[in-house]
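> coordinates only, sequence not included:
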């Protein structure tokens, strides 16, 4: 669960905010009681790129698949229809 830090306190104790972000997860900074920013460890952001990397790996795996996957999606190659926009 994200801890909430009033802006002034977060500025005064920034090292502590960073330490808690590293050890406990994202830390929310508030201004006038409203959340304005979240301090998060880079590892959390790297998790998002890790998912992207896993998606690319899946696409690569499917491209190397020996089965004929061309019949799964049949694309309509007929000419586009004309539309009167007036």
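Received the coordinates, thanks. Everything numeric in this text was worked out from a predicted model, so none of it was measured. Numbering: from 1, shown residues only.

> Quick one: end-to-end length of stretch 79-86, please.
Between the opening and closing residues of stretch 79-86 we find a distance of 21 Å, counting by C-alpha to C-alpha, to the nearest Å.

> can you give me the mean pLDDT across that stretch?
Confidence over stretch 79-86 (mean pLDDT, whole number) is 85.

> Just the buried residues of that stretch, please?
Residues of stretch 79-86 classed as buried by neighbour count (16 or more other C-beta atoms under 10 Å): none. Yep, even glycine has a C-beta here, placed from its N, CA and C like the rest.

> what does that stretch rub up against?
Contact partners of stretch 79-86, identified using C-beta atoms under 8 Å, 6 or more residues apart in numbering, are not found; the set is empty.

> can you give me the strands in this structure?
Taking DSSP state E to define them, one finds strands in the chain at 3-6, 27-31, 34-39.

> which of the ones you listed is buried the deepest?
Using mean count of other C-beta atoms under 10 Å, the stretch among the strands of the chain with the greatest mean number of neighbours is strand 27-31 (a mean of 17).

> Report the separation between residue 66 and residue 33.
With the distance defined as C-beta to C-beta, to the nearest Å, residue 66 ends up 59 Å from residue 33.

> One more: residue 25?
Residue 25 is 21 Å from residue 33, by C-beta to C-beta.

> out of these two, which sits in the more crowded spot?
Residue environment comparison for residue 25 versus residue 33 gives the larger neighbour count to residue 25, 14 against 7, counting by other C-beta atoms under 10 Å.

> So that one is in contact with residue 2, correct?
Yes: under the criterion of C-beta atoms under 8 Å, residue 25 makes contact with residue 2 at 6.3 Å.

> okay, the strands of the chain in CSV with mean pLDDT next?
Below are the strands of the chain laid out as CSV (pLDDT from 0 to 100):
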stretch, mean pLDDT
strand 3-6, 93
strand 27-31, 93
strand 34-39, 92
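
> Can you tell me how far residue 37 is from residue 15?
Here residue 37 is placed at a distance of 17 Å from residue 15 (C-beta to C-beta).

> ignore the last one, residue 35
In this structure, residue 35 and residue 15 are separated by 21 Å, where distance is defined by C-beta to C-beta.
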